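S.K.: how would this look folded up:
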Amino acid sequence: ATTHLADKKSKAAEKAIHNRGKMNDFKNDFAYSYTDEPHATRRKQILAKYPQIKTLFGPDPMFKYHAFLTVSAQLFMAYWASNLTTNNWHRVIVAYVVGGTLNHRLLSALHECVHNLAFEKFYLNRWFS
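M.R.: Purely as a prediction, here's the structure:
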């Protein structure tokens, strides 16, 4: 059985080496666009029409506290759910509804950190994320 598996692996490796230069085979795997990036174009249009929006740019001073409270809530819910004395399906509902909501909120917080919106300094955003 091991020689059969080794033969499969070597055949897959040979195929990969053979197809190495044939990237044109993969052109139909994605939808390519040769236009400008839509977010930058739309941003320019909005700023031209509403220049006062620029005052809303930059880090949110309350963001870091909201993220910290979300992590605290998630840890508290994990502790609370571990001490539930009811049926397991209650834990599943709590994990799905509350845990899923908190996880989504933390992923959104991570996304904001990637855009340097938690702190003004780049390295603080990386550390916080």
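S.K.: Can you verify my assumption that Ala67 contacts Ala118?
M.R.: Yes - using C-beta atoms under 8 Å, Ala67 is in contact with Ala118, at 7.2 Å. C-betas here are computed from N, CA, C, even on glycine.
S.K.: Give me the residues contacting the helix or strand Val94 falls within.
M.R.: Val94 is part of helix 88-94, with elements assigned from DSSP states H and E. With C-beta atoms under 8 Å, 6 or more residues apart in numbering as the test, helix 88-94 has contacts from 77, 80-81, 84.
S.K.: How about Gln74: what's its closest non-neighbour residue?
M.R.: Nearest non-adjacent residue to Gln74, counting by C-beta to C-beta, 6 or more residues apart in numbering: Leu102, 4.5 Å away.
S.K.: So, low pLDDT: which residues of this structure?
M.R.: 1-30, 32 (pLDDT under 70).
S.K.: Quick check: the most centrally placed residue in it vs Pro38, distance?
M.R.: Nearest to the mean C-alpha position of the chain, by C-alpha atoms, centre = their mean, lies Leu107 at 5.6 Å. Separation of Leu107 from Pro38 (C-beta to C-beta, to the nearest Å): 23 Å.
S.K.: With Gly99 instead?
M.R.: Per C-beta to C-beta, Gly99 is found 34 Å from Pro38.
S.K.: for Gln45, same thing?
M.R.: In terms of C-beta to C-beta, Gln45 sits 10 Å off from Pro38.
S.K.: now swap in Ile46 and tell me
M.R.: 12 Å.
S.K.: sorry, back to before: report the buried residues of the helix holding Val94.
M.R.: By 16 or more other C-beta atoms under 10 Å, the buried positions in helix 88-94 come out as Val94.
S.K.: Where does Ser108 fall, secondary structure wise?
M.R.: Per DSSP H and E, Ser108 falls inside helix 100-114.
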